[in-house]
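Chemist: Just to be clear, the model below is a prediction. Sequence and coordinates:
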Amino acid sequence: MDESRALDALATILSSLTLSPFDISLHAQHIRLAQSIQSFDPSHLSAAREMLTTHFPAGDEVWIPLIKEKEESVDLNQTEGILDTLELYSRAEVDYLSMVILQKHIDFLINRHAWFAALDNKPEGFGELFSTEWTRSVISVVVSKGAAHLTQSHTLWDLQRDWEFALLEAAPPSEKQAQVEIVDKLLLERLQQPHSSLEETFQIYSSFTTNHRAPQQYESLLVAASKLRGPAVKAYDRRAEFERSLAQAKFSLEAYAYYIANERAKKPDLFIVRGLYERAIAEAARRRFIGDVGAEEALRSFWGGYCDVLRIHRVHERVENETLRRAVRSVPSSGDVWARYLRFLERTADSQEPMGERESVSEAFGRAMSMNVLQKDVEQVVPIVLARASYEKRLLEDDKAEEDTWNNLIKTLEDGISAVRRASPTGDARLRLEKYLSELYVNLDFVEKAISVWQTTTKHYKTSYVAWMSYTDMLIRKDQYDDARSLFSDLAYKNLDWPEAIWEAWISFEHQHGSVAELEACLDKVERAQYQVNMRRAKEAEKAAYQTMQVAAEQQAATVPVKDAPIPSEADTSMVVDVRANGDGRGKRKAEESPSAETSKKARIEQPPPPLKRDRENCTVFVADLPSSTTEEDLTALFKDCGKVREVKFTQLRGALVATVEFFERDNVPAALTKDKKRLQGEEIAVHLAWKSTLYVTNFPESTDDGVMRELFGQYGLIFDVRWPSKKYKSTRRFCYVQYTSPSSAQKALELHGRELEPDRPMSVLISDPERKKERTDADANEKEIYVAGLSKFTTKEDLMKLFKTYGPVKDVRMASEQNGQSKGFAFIEFEEEGDAQAALGANNYELKKRRIAVTLADSRVRARNRNLTNETGLGRQAETRSRSIRIRNLPPATQEGLLQQALEKHALVKRVEVIQDSNEAVVELENPAEAGKLLLRTEPLLLNDTVLQISEEKSNGPSRSRPSAPPAKTGGLFVPRAAVSRPRAGLGHARKPGIAASTSTTSSQGRGQDDFRKMLAGGS
């Protein structure tokens, strides 16, 4: 930016700041702009920082440069320069907790003390300033400000400790013992504070005792010190895991909120809770300054919780006053925080306790409203107006009112109502101020004024059922039944946000106060109104569905081509580990297994399976911000007019209750979306399409697991769920679905699209639009994949790639190989496009390496055909599979196969996983029996979601049964098949090997036991 443009932008920012000095974003822009023009106007940057500190508290990103400039600009050898610098440190430390500033402050004190100590004559005017006692006292105060930071407080205390030890070493003999006592007290006090370096502190105390105490005292002093530190050790150990999680989450605001919620759920330690809130507030303020979305809201929440904790624990009024004043300065746009401050001022109005600077309720209220920041948000205006009105009302009730108290009360409420209506066209949906004013008039027997309040309110909120219900209730309370009935009749056809509430109120009114004729007339009119409303809603739903379709089409057109991000689906085939049949696989193949003459010459083209009747993605809405006591009946009642609800599922997240509501018909969803911003149990809820908050993520490194994905995507919002695909269908599947609790979080996370977690591997992150389901699924993978049989053992993957790439882009070649690397005779070729796979069927009967190959579309039945053939172990395929399979019990409900496989792969080589949801069990097929043995012989528990898994062998469902003899040929042929139990059959292309059934041992056919696994792992036979 050139100088002229920069100066124009600077003038614009300054004009905006003149109008809105309490807009933190403008101050941040001001500082950034001043930094950009520092090369030709360096003075303005300091002015911008000073301007921020005048209106808002600041973090070390602002205070550190200001302190550095101050130290460089003043004479630190003069009283005035020293005092100015110390005052700047004091101001900075009041704003937010900053370990950097505190550390810098201690360094400054120690350096100045050393400078003065080296002088022969102390300059005049300094008095006790920087004497040893004064310096020790001030350092102790600075260290105490960061003492509750469990993991970083040692950076401050270590400076104090080193300084005291230096004084001890330099002390003359006459002062040595006094200094020993000071250090001893310092160490013992530190041992009683929870912190991460407690063990190191104890070792320092041990060394100190050895060097400065009598030998016979050593053991007793160490025992006493050990008892002192015991509670601190336990306190830190209870929180060590939270501290690690906080660091792993990169100190996210969600992680702080979770930590604080857990701390407050038990009997909180005020020392630790205060430190935790100070840390969270400082981090939220830092993120707000750099423009993080949601930081302002988090900062308000942290300040509110902090002030509540101090009130509940009845801290000294001076501490509570200072904290509340810091809070309203930090978040002047928070009506809830201002309301807490007003209540505190009211509560302590008659207190004689010294608490520093103090103002009255009316002064604080006037200061808050004069900032003109609360008036921009309805939810911030209402709390502070109610706090001020309640204060005035209590003055009237307690006979403490002054002459203008009543007028102040009415004016406060009326001005508040006007401010609410100016702040938003929709105003306050709960009409809290109107209700307060109305009840105030009723309690004073001014019923006509109360009615007037609702008459005025209904003119402004013409479609609000709350306003009209309150109006009719007031008429009924005054026994104006005819007026109420007339009003109900007029409202029956009115376009309201919840007409059902009005209809039910009218029917209830007629039951209590009407005649039979009036009740029946009411019922008839309500029935007609219901029909009209349903017709109108149907049209609105149709319009909404059309708009949704348009949005989906626009999103689809704007996204990356599907071929750049292939997206598999959750559809899959079940893994068969132990298939029970009438035979054991050693007799002749069943007739239905024999390929027909037609299929041996003509490629088989399977029709895609029929679509599922249950369309969850299109029939489900996501409901967030639910009250904690919400039940399934509440949601069913809320959505009852939208359509028939199939299923409601609740999920309790950290500090939030959410739910998914599935309808029977997708046409019900547009109507359900109209419930967004409605109120349930007095709280506003959010309703949106489930897929709008869901991301499809693919092309990430194979090592990426659930924890990595949650950490990566968790920085953009609260994650509802991460769904992983099962790999039993295709082991190369590498994708997942990340679902947030809000669509805005999903939109923010789209910035990860194209990010490379590994070189040359850009990750694909897309909104999971169900309209594109076919394009983002591998349910039709068989139609893009061909099966090639009859290969020569000398065929290589390169041969197959060279042959089939002539039909189109080949995505993958998977060839079954022997241990020596030679082909087993078959392979699978996966194409990028379905049409290319169809074209590749033309290679059927092609000669490759002097062998005619067979080419068909891939089919799981083709791969299963040889399942029971004898392999290298001499076992049948099913028995061999059982020998390397295990069964896992006690799974957490709704366990994902993908997540279970991730957990197991950390301990063994896993081939496939099959979860049996009904029994919370799973069958896991390992790469070989040795890998199965690793899991079976584990001595440490295996956990999944904090649940201990039970691992056992996978056995046959009963004794093996021999296959019955084949019947004689009807034609009286010469050949009669032997019983299948005789021995394994040597099929075409398979060597004849001795079968286990031929052994005289009766135990060999019952699977391998624990002893077998131990021998195998020990290298035995």
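Modeler: Right, received. Where do you want to start? Numbering: from 1, shown residues only.
Chemist: Show the end-to-end separation of stretch 32-48, please.
Modeler: In stretch 32-48, first residue to last residue: 9 Å (C-alpha to C-alpha, to the nearest Å).
Chemist: Can you give me the buried ones in it?
Modeler: Residues of stretch 32-48 classed as buried under the neighbour-count rule (16 or more other C-beta atoms under 10 Å) are 33, 34, 37, 44, 45, 46, 48. Heads up, the C-betas are built off the backbone N, CA and C, glycines and all.
Chemist: Stretch 22-34 too?
Modeler: Neighbour-count burial for stretch 22-34, with 16+ other C-beta under 10 Å as criterion, is recorded at 22, 23, 24, 26, 27, 28, 29, 30, 31, 33, 34.
Chemist: quick one on the thing from earlier: among the buried residues of stretch 32-48, which has the minimum pLDDT value?
Modeler: Of all the buried residues of stretch 32-48, residue 37 has the smallest pLDDT value, namely 82.
Chemist: check which helix or strand covers the closest residue in space to it that isn't next to it in sequence.
Modeler: Closest residue to residue 37 in three dimensions, ignoring its sequence neighbours and counting by C-beta to C-beta, 6 or more residues apart in numbering: residue 6, at 4.5 Å. With elements taken from DSSP states H and E, the one containing residue 6 is helix 3-19.
Chemist: Also residue 240?
Modeler: With secondary structure defined by DSSP H and E, residue 240 is part of helix 218-248.
Chemist: With just CA atoms, put the helix or strand just after that helix into PDB.
Modeler: Downstream of helix 218-248, the first helix or strand assigned by DSSP H and E is helix 253-265. Output in PDB follows, covering the C-alpha atoms of helix 253-265 (Å, rounded to 0.1, in the frame of the first residue of the first chain):
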ATOM      1  CA  LEU A 253     -11.500 -22.400  23.600                       C
ATOM      2  CA  GLU A 254     -13.600 -25.500  23.400                       C
ATOM      3  CA  ALA A 255     -10.900 -27.400  25.300                       C
ATOM      4  CA  TYR A 256     -10.800 -24.700  28.000                       C
ATOM      5  CA  ALA A 257     -14.600 -24.800  28.300                       C
ATOM      6  CA  TYR A 258     -14.500 -28.600  28.700                       C
ATOM      7  CA  TYR A 259     -11.700 -28.300  31.300                       C
ATOM      8  CA  ILE A 260     -13.600 -25.600  33.300                       C
ATOM      9  CA  ALA A 261     -16.900 -27.600  33.200                       C
ATOM     10  CA  ASN A 262     -15.200 -30.600  34.600                       C
ATOM     11  CA  GLU A 263     -13.500 -28.500  37.300                       C
ATOM     12  CA  ARG A 264     -16.800 -26.900  38.400                       C
ATOM     13  CA  ALA A 265     -18.800 -30.200  38.200                       C
END
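Chemist: Going by neighbour count, which residues in helix 253-265 are buried?
Modeler: In helix 253-265, the ones that count as buried by 16+ other C-beta under 10 Å are 253, 254, 255, 256, 257, 258, 259, 260, 263, 264.
Chemist: residue contacts, residue 910?
Modeler: Applying C-beta atoms under 8 Å, 6 or more residues apart in numbering, one finds that residue 910 lies in contact with 901, 904, 924, 925, 926, 927, 931.
Chemist: Next step: these restricted to strands.
Modeler: Using DSSP state E, the members of the contacts of residue 910 that fall within strands are 924, 925, 926.
Chemist: ok, now which ones touch the first one?
Modeler: Each residue near residue 924 by C-beta under 8 Å, 6+ apart is listed here: 885, 886, 887, 888, 900, 904, 910, 912, 913, 914, 935.
Chemist: Which members of those residues are the farthest-apart pair?
Modeler: Between any two of these, the greatest separation by C-beta to C-beta is 15.4 Å, found for 914 and 935.
Chemist: which one in the ones in strands among the contacts of residue 910 is the model shakiest on?
Modeler: Lowest-confidence member of the ones in strands among the contacts of residue 910: residue 926, scoring 84 (pLDDT).
Chemist: Tell me the one among the buried residues of stretch 22-34 nearest to residue 355.
Modeler: Out of the buried residues of stretch 22-34, the one with the shortest distance to residue 355 is residue 22. That distance is 24.8 Å, counting by C-beta to C-beta.
Chemist: State the helix or strand in which that closest one lies.
Modeler: Here residue 22 is assigned to no helix or strand, by DSSP H and E.
Chemist: Next, give phi and psi for it.
Modeler: The phi and psi torsions at residue 22 (degrees, to the nearest 10) take the values phi -110, psi 30.
Chemist: oh, and call the first residue 34 from now on, that's how I've got it
Modeler: All right, first residue 34 from here; so that's residue 55.
Chemist: for the helix or strand residue 575 falls within, packing partners?
Modeler: Element membership of residue 575, judged by DSSP H and E, is helix 549-591. Helices and strands touching helix 549-591, by 3 or more C-beta pairs under 8 Å, 6 or more residues apart in numbering; DSSP states H and E, are helix 514-524, helix 532-546, helix 702-706.
Chemist: Burial check on the closest residue to residue 159 other than its chain neighbours, number of neighbours?
Modeler: Here the nearest residue to residue 159 in space, its sequence neighbours aside, is residue 112; by C-beta to C-beta, 6+ apart that works out to 6.0 Å. By the measure other C-beta atoms under 10 Å, the count of residues near residue 112 is 14.
Chemist: can you check residue 369 too?
Modeler: Residue 369: 19 surrounding residues under other C-beta under 10 Å.
Chemist: Looks to me like residue 873 is in a helix.
Modeler: Yes. Note on residue 873: a helix contains this position according to DSSP: H, G, I helix; E, B strand; the rest coil.
Chemist: For it, give me its contacts.
Modeler: With contacts defined as C-beta under 8 Å, 6+ apart, the neighbours of residue 873 are 819, 837, 840, 841, 862, 864, 888.
Chemist: just the buried members of the residues you listed?
Modeler: Burial by neighbour count, judged by 16+ other C-beta under 10 Å, picks out 819, 837, 840, 841, 862, 864, 888 from the contacts of residue 873.
Chemist: I'd say the fourth one and residue 865 touch.
Modeler: This points to residue 841. Yes. Distance between residue 841 and residue 865: 6.8 Å, which falls inside the contact criterion (C-beta atoms under 8 Å).
Chemist: on that earlier part again, closest to residue 981 among the buried residues of stretch 55-67?
Modeler: Distances from residue 981 to the buried residues of stretch 55-67, taken by C-beta to C-beta, are shortest for residue 57, at 49.0 Å.
Chemist: any chance of the helices and strands packed on helix 549-591 in a markdown table, with mean neighbour count and distance to residue 168 too?
Modeler: Rendered in a markdown table, the data for the helices and strands packed on helix 549-591 read as follows (neighbours: other C-beta atoms under 10 Å; distance: least, C-beta to C-beta, whole Å):
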| stretch | mean neighbour count | distance to residue 168 |
| --- | --- | --- |
| helix 514-524 | 16 | 76 |
| helix 532-546 | 17 | 70 |
| helix 702-706 | 22 | 66 |
